[in-house]
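Participant: Just the structure for this:
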Amino acid sequence: MKILNGEEELRLSTNGWDWLGPGAYFWEDNPQRALEYAEECAVGMQVFAGKISKPFVLGAIIDLGNCLNLIETSSSVIVQQAHAGLIKTLKEGGQKIPINKGDNRKLDCAVMQFVHQSNISRGIPPYDTVRCAFPEGEAIYAGSNFTTRLHIEIAVCNLEMIKGYFLPRPIERFNKHLSHLKNV
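Facilitator: The predicted structure is shown next:
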């Protein structure tokens, strides 16, 4: 509520497993998945650096701005080149190459950080947001590429791109502890 009321700002997540790199993470058009994630964090089923006592869904109006949109082929090429650059840099420095293992996506995070750092070192404008489909969950039928938790995630790197916040409706579905507000 403090973020919604403008009393606090979101903090960027900077965990080593943040697959889209540092940012404030959102599920695009999917408040139900956001609620599931918050509920799972509250009971320790998801890796989460903070503590959630009351699961809460906050909607945001986001201007994607300069977006690394991994649904576009040109963005995939940027990430492929960053991966090659990261591997070369790490090998030359005698450093260990991070790997993705299950929910721990250290390699993806390192590649995205390399993308951002490369832009800075080359004087290229930084990305405001990173957007990508995430095939989470089980196949919805045998042989399917569709999964039970398939969604699009947006990592907002530049918090200035968040133009406003709102409570998704119906409030009683996505923020049960605020259901008294539905008639306000």
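Participant: Skip the chain neighbours and tell me the closest residue to the residue nearest the centre of the chain.
Facilitator: The geometric centre of the chain, computed from its C-alpha atoms, lies nearest to residue 25 (Cα atoms, centre = their mean), at 3.3 Å. Closest residue to residue 25 in three dimensions, ignoring its sequence neighbours and counting by Cβ to Cβ, 6 or more residues apart in numbering: residue 155, at 5.5 Å. In short, each C-beta sits where N, CA and C put it, glycine included.
Participant: can you check residue 138 too?
Facilitator: Here the nearest residue to residue 138 in space, its sequence neighbours aside, is residue 148; by Cβ to Cβ, 6+ apart that works out to 5.2 Å.
Participant: How about residue 53?
Facilitator: Closest residue to residue 53 in three dimensions, ignoring its sequence neighbours and counting by Cβ to Cβ, 6+ apart: residue 42, at 6.7 Å.
Participant: Go ahead and confirm that neighbour touches residue 55.
Facilitator: Yes: using Cβ atoms under 8 Å, residue 42 and residue 55 qualify as a contacting pair, with a distance of 5.3 Å.
Participant: could you pull out the helices for the protein?
Facilitator: 31-42, 73-92, 106-122, 171-174 (DSSP state H).
Participant: How many residues are close by residue 86?
Facilitator: Residue 86 sits with 22 neighbouring residues when counted by other Cβ atoms under 10 Å.
Participant: give the contact list for it.
Facilitator: 110-111, 114 (Cβ atoms under 8 Å, 6 or more residues apart in numbering).
Participant: follow-up on the earlier one: higher neighbour count, residue 42 and residue 55?
Facilitator: More crowded of residue 42 and residue 55, by other Cβ under 10 Å: residue 55, with 19 against 16.
Participant: so that one sits right up against residue 43, yeah?
Facilitator: No: shown here, residue 55 and residue 43 do not form a contact pair, counting by Cβ under 8 Å, at 9.4 Å.
Participant: Which residues are in contact with each of those two?
Facilitator: Applying Cβ under 8 Å, 6+ apart, one finds that no residue jointly contacts residue 55 and residue 43.
Participant: Settle this for me: residue 167 is touching residue 178, isn't it.
Facilitator: Yes: shown here, residue 167 and residue 178 form a contact pair, counting by Cβ under 8 Å, at 6.9 Å.
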